[in-house]
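**Q** Here's my sequence, what's the structure:
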Amino acid sequence: HPTPTTMDGRSEVQGRGVNNMGEVLQTIPACNGSSGRNTSNVSGTGGVYLNLRSLGAVRTLVLVDGARIVPSSGNGTFDINLVPTIALERSEIVTGGASAAYGSDAVAGLVILNTRRSFDGIRVQLRGGVSQYGDASNQSAALLFGKSLADNRLHVTLAGEYENQTGVGNLSTRDWSRRNRQLVGPNIYDQVNLIKARPGTIFLGPTSMGTNTAFRADGRPYTAVQGTAIDATQQSGGDSPVGYFGQLVPLSKPVKRWSGLLNVGYDFSDSFKATLGFLYGHSETEHPTLAYSSVDVVTIQPTNAFLPAGLTLPGPTRIGRLSTDLYSSLALTNDTYSARLLLEGSLGGSWKWDAIGQYGDNKEDRRNPTGIVTANFARAADAVRNAVFDRLVVAALEMQQRDVRQRTPVGAVQHLVSDHDVEGAG
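**A** Numbering: from 1, shown residues only. As a prediction, this is how the structure comes out:
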């Protein structure tokens, strides 16, 4: 059998100056590739899902006190930060051979979190910090209480933990990330941006000013300078140094979490023990994710109401825009509950037995409060001015109204235009 890597939960966290066991375990070479708030910054709650030997978190089994625990995600994985770090006695990592006893979800290995079942006294931990740049602040508070009663047969352990990490802003907050250096294929490129979209609108076709007419922040048109194409959608260089749809993604996402644990154990005899355990964990995050990139989805007409004076289009023209002002965001909360009864006994000699019954539930609420409806965006951009009522309407609807006006009374046309105007505004 492989020898597990054993770590003392208390001394490792205190000695390394981190807030939780998840940050400690991610530094182990076997856990390279695990996800956390610094890696899953586009989606997810910022929890720590261990990925042993880079075989996938779904192939890494997490046990709490030797038993399976209800998953905290839709793919069956468990965020180890949901167990209060102050309540951990030790953690064990087995990187091979575990699948023989636990099944295919332990092919990569096994992580065992052992909580305190016997503790006398009170322990309080307060921790805080901030980066040298004035961001990435964190505050945490933890409480551990334990008491042994009934001639040392009844053991009660209660733990609670709260942590608030404000995270780090987007790509513009650090010098190394402002260059937007990316690995594309075998090569590394600087100033990577999108060919067909930029923070200002760009016309992807001929205009009275020529091809690739774009607009500056003040609305003045100019001819866009394209860089060196990397693939079908991205380029290096050009005059759009911040034209990357992921530029709003935080380098480290903000996360709030709190958790609680209660263990009540009773020793009926030296050969029979029972432990009733409760665990609750909550995590939440809200932050921008991807800027809305409208590439090849918006076509406007030569009669578009927003065209500046002096700019004409020979026909329907596609436009591209990196809408950093119309970005997508993520608001996510996750709650995990677990209750279990563990019975342990001895049959004499080296024979031992145990049995466990468990109930658990996980609820995740995922919202995109600033999401863009692509169809409405395209319709709103393709606006023309209605000649009869001098109002902005969607071009496609205006064409329908022209057919109707020839055989509809004026009052009915007014009603039709008003209804379509509201619908077109999305």
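**Q** Surely Ala380 is in contact with Val394?
**A** Yes - with contact defined as Cβ atoms under 8 Å, Ala380 reaches Val394; the gap is 7.3 Å. Using the backbone N, CA and C atoms, a C-beta is placed for each residue, glycine as well.
**Q** more neighbours, these two?
**A** Higher neighbour count among Ala380 and Val394: Val394, with 23 against 15, using other Cβ atoms under 10 Å.
**Q** Please report how far the more buried one lies from Val373.
**A** Distance, Val394 to Val373, by Cβ to Cβ, to the nearest Å: 14 Å.
**Q** do Tyr49 as well
**A** Taking Cβ to Cβ, one finds Tyr49 at 31 Å from Val373.
**Q** Looking at these two now, which is surrounded by more residues?
**A** Legend: neighbour count by other Cβ under 10 Å for Tyr49 and Val373, higher for Tyr49 (26 against 10).
**Q** Can you report phi and psi for the spatially closest residue to that one that is not a sequence neighbour?
**A** Excluding the flanking residues, the one nearest Tyr49 by Cβ to Cβ, 6 or more residues apart in numbering is Ala57, at 4.3 Å. As for Ala57, its main-chain torsions (degrees, to the nearest 10) stand at phi -60, psi -30.
**Q** Enumerate every residue touching Ala57.
**A** Going by Cβ atoms under 8 Å, 6 or more residues apart in numbering, Ala57 touches Ser34, Ser35, Tyr49, Leu50, Asn51, Asn75, Thr77.
**Q** And the buried ones among the residues you listed, selectable in PyMOL?
**A** Buried residues among those (16 or more other Cβ atoms under 10 Å), as a PyMOL selection:
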select buried, resi 34+35+49+50+51+77
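**Q** Let me have the contacts of Ala57 in CSV, adding pLDDT, secondary structure and distance to Ser236 as columns.
**A** As requested, the contacts of Ala57 are exported to CSV (pLDDT from 0 to 100; DSSP: H, G, I helix; E, B strand; the rest coil; distance: Cβ to Cβ, whole Å):
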residue, pLDDT, secondary structure, distance to Ser236
Ser34, 74, coil, 31
Ser35, 72, strand, 28
Tyr49, 86, strand, 33
Leu50, 85, coil, 36
Asn51, 84, coil, 31
Asn75, 82, coil, 35
Thr77, 88, coil, 36
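**Q** For the contacts of Ala57, name the two members farthest from one another.
**A** Spanning the widest gap among the contacts of Ala57 are Ser34 and Asn75, at 14.3 Å by Cβ to Cβ.
**Q** beta partners for Gly345?
**A** For Gly345, the beta-bridge partners are Phe272, Trp353 (DSSP bridges).
**Q** That one: how many residues sit nearby?
**A** Neighbour tally, Gly345, other Cβ under 10 Å: 16.
**Q** and the gap between it and Ser236?
**A** Distance from Gly345 to Ser236, counting by Cβ to Cβ: 67 Å.
**Q** Also Pro206?
**A** In this view, Pro206 and Ser236 are 25 Å apart by Cβ to Cβ.
**Q** which stretches of this structure have low pLDDT?
**A** For the chain, applying pLDDT under 70 flags the ranges 1-19, 33, 36-45, 96-100, 217, 241-246, 389, 396-426.
**Q** what ranges do the helices span in it?
**A** In the chain, the segments counted as helices under DSSP state H are 9-16, 21-25, 99-102, 175-178, 374-381, 395-405, 410-424.
**Q** who does the spatially closest residue to Ser259 that is not a sequence neighbour bridge with?
**A** Distances taken as Cβ to Cβ, 6+ apart place Gly281 nearest to Ser259, at 4.1 Å, with adjacent residues excluded. Judged by DSSP bridges, the bridge partners of Gly281 are Ser259, Thr336.
**Q** Gly281 against Thr333, yeah?
**A** No - in this structure, Gly281 is not within contact of Thr333 by Cβ under 8 Å, at 11.4 Å.
**Q** For those two, indicate the residue with more neighbours.
**A** Neighbours were counted for Gly281 and for Thr333 using other Cβ under 10 Å; Gly281 has more, 25 against 16.
**Q** how close does that one sit to Asp135?
**A** With Cβ to Cβ as the criterion, Gly281 and Asp135 are 26 Å apart.
**Q** and if you look at Ala381?
**A** For Ala381, the distance to Asp135 (Cβ to Cβ) stands at 36 Å.
**Q** who has more neighbours, those two?
**A** Ala381 (19 against 16).
**Q** tell me the contacts of the more buried one?
**A** With Cβ under 8 Å, 6+ apart, Ala381 has these contacts: Ser294, Val298, Ile300, Phe306, Ile319.
**Q** Put the buried members of those into a ChimeraX selection.
**A** Buried members of these, defined by 16+ other Cβ under 10 Å, are picked up in ChimeraX with:
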select :294,298,300,319
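**Q** May I see the contacts of Ala381 arranged in TSV, with distance to Pro199 as well?
**A** Below are the contacts of Ala381 laid out as TSV (distance: Cβ to Cβ, whole Å):
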residue	distance to Pro199
Ser294	12
Val298	15
Ile300	18
Phe306	17
Ile319	13
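**Q** Of all pairs in the contacts of Ala381, which one spans the longest distance?
**A** Ser294 and Phe306 (14.1 Å).
**Q** quick one: Gln247 from Ser148, how far?
**A** Taking Cβ to Cβ, one finds Gln247 at 56 Å from Ser148.
**Q** So for those two, which sits in the more crowded spot?
**A** Applying other Cβ under 10 Å to Gln247 and Ser148 shows that Gln247 carries more neighbours, namely 21 against 15.
**Q** Would you confirm that that one contacts Asn180?
**A** Yes - using Cβ under 8 Å, Gln247 is in contact with Asn180, at 7.3 Å.
**Q** which residues touch Ala30?
**A** Ala30 makes contacts with Thr5, Leu52, Arg53, Ile93, Thr95, Gly109, as judged by Cβ under 8 Å, 6+ apart.
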